[in-house]
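> this one's structure only:
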């Protein structure tokens with residue numbers, strides 16, 4: 001008789017301590033957080049619920065589209081996280097199987113999923129790095 005292994009849930013592999021920002025937070029602070037810390041994705045939250053995401057990749061894309069000089073001017077003239085955040089969030093439930101995260105991130109279009117609890121509040125984030133750690137453990 002073959003025993004099936006219990007399914008590993010996203011909650012077992014996600015990063016729980018997630019740095020966040022608010023929509024009103026100055027873009028300069030957001031850029032500094034991403035530059036100084038060892039992460040690439042910053043969820044933007046209001047009252048515990050994710051409303052957007054800014055990634056280091058987004059900021060490089062914005063610098064390319066606008067020009068680095070114009071991005072610098074935006075930093076000095078009060079642009080906020082809300083001005084540049086992506087509002088099309090890729091989310092996954094905390095109790096979903098880790099295979100679902102692997103399948104979605106494995107397509108290559110995204111590098112992270114915002115993990116939501118049952119009340120749609122931010123529970124964590126799962127990134128390609130988290131999945132590599134899981135796959136090699």
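Happy to help now that I have it. The model shown is predicted, which means the values in this text are computed figures rather than measured ones.

> residue 133 belongs to a helix?
Yes. Applying DSSP: H, G, I helix; E, B strand; the rest coil, one finds residue 133 inside a helix.

> how near is it to residue 36?
According to CB to CB, to the nearest Å, residue 133 and residue 36 sit 22 Å apart. (Each C-beta comes from the backbone N, C-alpha and C, glycine too.)

> residue 48 and residue 18, how far apart?
Going from residue 48 to residue 18 by CB to CB gives 11 Å.

> list the residues that contact both of those two?
Both residue 48 and residue 18 are contacted by residue 122, under the criterion CB atoms under 8 Å, 6 or more residues apart in numbering.

> still on that earlier bit, in terms of neighbours, single out the busier of residue 133 and residue 36.
Set residue 133 next to residue 36 and count neighbours by other CB atoms under 10 Å: residue 133 wins out with 12 against 7.

> thought the more buried one was touching residue 15?
No. The pair residue 133 / residue 15 is not scored as a contact, 9.9 Å apart, by CB atoms under 8 Å.
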